[in-house]
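Visitor: fold the stuff below for me.
(2 chains)
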Amino acid sequence: MIKKEGEKMNDEITLRRLVIKTFHINKVVFGDNNSIDNGILTINKDFKNTLQQSEDIIEEIKINIIEPRKHDIWVNTIMDIIPISTKALGKIGEGITHTLTGVYVMLTGADVEGNQMAEFGSSEGILKEKLKLNKAGTPSENDYIIHFDVILKKDLTFNRKLPLTIHKVCDEFIQEFRQILKKMDGRQATETHEFYDKIRPNKKKVVIVKQVAGQGAMHDNQLFSNEPSGFSGGKSIIDLGNVPIIMTPNEYRDGALRAMT
Amino acid sequence: MGIGPSTKETTLHHFRDPLLDVVSKDNDIDLAGIIIVGTPQDNKEKHFVGKRTAAWVEAIRADGVIISVDGWGNSHVDFANTIEEIGKRGIPVVGMSFVGTQGSFVVKNKYMDTIVDFNKSQEGVETEVVGENNVDYLDAKKAIALLKLKMMRKGNN
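Guide: As a prediction, this is how the structure comes out:
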């Protein structure tokens, strides 16, 4: 590395910046239109019908609003917990991301006969017994959960298409809110966090390796989707031949990895 | 084989990953990047992607590696192999995995001497509770502390 004279060898070198702005949601309700206004997220009560009709393997989509601490309900196996995030400026890993706090999407899936969308143990049951709250990967006890439940038709052959379709329709649902979130005024954000990809010269150089599933059907991961933590436009680790792919810390932090396990 | 509900890392987990947070904020560490590697079904493929990962790490001239796995059982074949490929290149490596009592390693090697077990269940089993057996801040701090020790020891030799 070429250093200018007088520059200290230990100075950090900044490569790029990512800003994540959070918008807190206090209440989730059903209404006539999808909207986010004054901390209230409204879900169009009829929107699920459009999504339901878009895929021939889907029997029904159910959307439930689960209020904080009301987890005494039965759910199908939990396929994912997804933050609602979108790029307001730039691509994944740089620029500005808007994300909602106080609400997360929980995706569950089964077929009409109750066969669960899982391959190696499943988590269907009473939600409060099946979801450990307050972890990095789960909602907190004060968060709302938008429960997106996809019921497939019966007697379908189990293959990759089934979970992929479920993730796809859920992503289309979330995209509606991303479009709204994208246009929200950054100055109204609840919190703003800045992250820098940087070089720390003369410090120990460390690589994090994340070994993720790529065996097929229920063991898949999507990389570099169009939107943070999104599905559409991403590349499946299976289709990439499971070979190692390098991400910058900010790309990873900005939702470049979508779990489909 | 694979990922049970309690070891599964959700998309939200990746978005707020404690491991990335701890390592990237550590002023003694120059975090070069995150390598995402898959877990193929076939044994030959498992060895292929593990070796490619180690070649990347070597090419980056990394001083150390933390490798974390989101599954167990069959996934430990890949995990052990990748650790071995990194270890035999003389690069200090720390592993992170669900082990408990149920997830004991099906294969092991001499480079797996520093493994952070992120089992959280009393019985050490796959509880089928989402979020339970995941990496948290304490696990991440243990991993970076172990790696620093390993890198220091190597530096002294």
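Visitor: strands of chain B, residue ranges please.
Guide: Read by DSSP state E, chain B holds these strands, from start to end of the chain: B:29-37, B:64-69, B:93-97, B:115-117.
Visitor: mean neighbour count, those: which tops it?
Guide: Per-residue neighbour counts averaged over each of the strands of chain B give the maximum for strand B:93-97, namely a mean of 28 (mean count of other CB atoms under 10 Å in any protein chain shown). No exception for glycine: its C-beta is placed from N, CA and C like everyone else's.
Visitor: and that one, which strands flank it?
Guide: Applying DSSP bridges, strand B:93-97 is found paired with strand B:64-69 (parallel), strand B:115-117 (parallel).
Visitor: so in chain A, where's the weakest helix or strand by average pLDDT?
Guide: helix A:47-53 (a mean of 91; mean pLDDT, DSSP states H and E).
Visitor: show me the contact partners of that one.
Guide: Applying CB atoms under 8 Å, 6 or more residues apart in numbering or on different chains, the external contacts of helix A:47-53 come out as A:34, A:58, A:60, A:61, A:62, A:63, A:169, A:172, A:173, A:176.
Visitor: and whichever helix or strand comes after it with chain B, contact?
Guide: Moving toward the C-terminus from helix A:47-53, the next helix or strand (DSSP states H and E) is strand A:58-66. No: for strand A:58-66, no contact with chain B is found by CB under 8 Å from any CB of the partner chain; the gap never falls below 13.9 Å.
Visitor: mean confidence score for strand A:58-66?
Guide: Strand A:58-66 shows a mean pLDDT of 97.
Visitor: same check on stretch B:81-94?
Guide: Looking at stretch B:81-94 alone, the average pLDDT works out to 98.
Visitor: and for stretch B:145-154?
Guide: According to the model, stretch B:145-154 has a mean pLDDT of 96.
Visitor: how about that stretch: buried residues?
Guide: For stretch B:145-154, the neighbour count (16 or more other CB atoms under 10 Å in any protein chain shown) marks B:146, B:147, B:148, B:150, B:151 as buried.
Visitor: ok, the last one - contacts?
Guide: With CB under 8 Å, 6+ apart as the criterion, the residues that contact residue B:151 are A:204, B:63, B:64, B:92.
Visitor: most neighbours among those, please name it.
Guide: For the contacts of residue B:151, the largest number of neighbours (other CB atoms under 10 Å in any protein chain shown) sits with residue B:92, at 25 neighbours.
Visitor: any weak-confidence spans in the stretch 1-150 of chain A?
Guide: Counting by pLDDT under 70, the low-confidence segments of the stretch 1-150 of chain A come to A:1-10.
Visitor: which residues sit in contact with the closest residue to chain B within it?
Guide: Nearest residue of the stretch 1-150 of chain A to chain B (CB to the nearest CB) works out as residue A:137 at 2.8 Å. With CB under 8 Å, 6+ apart as the criterion, the residues that contact residue A:137 are A:81, B:9, B:10, B:12, B:13, B:14, B:16, B:130, B:131, B:134.
Visitor: I am finished for the moment; much appreciated.
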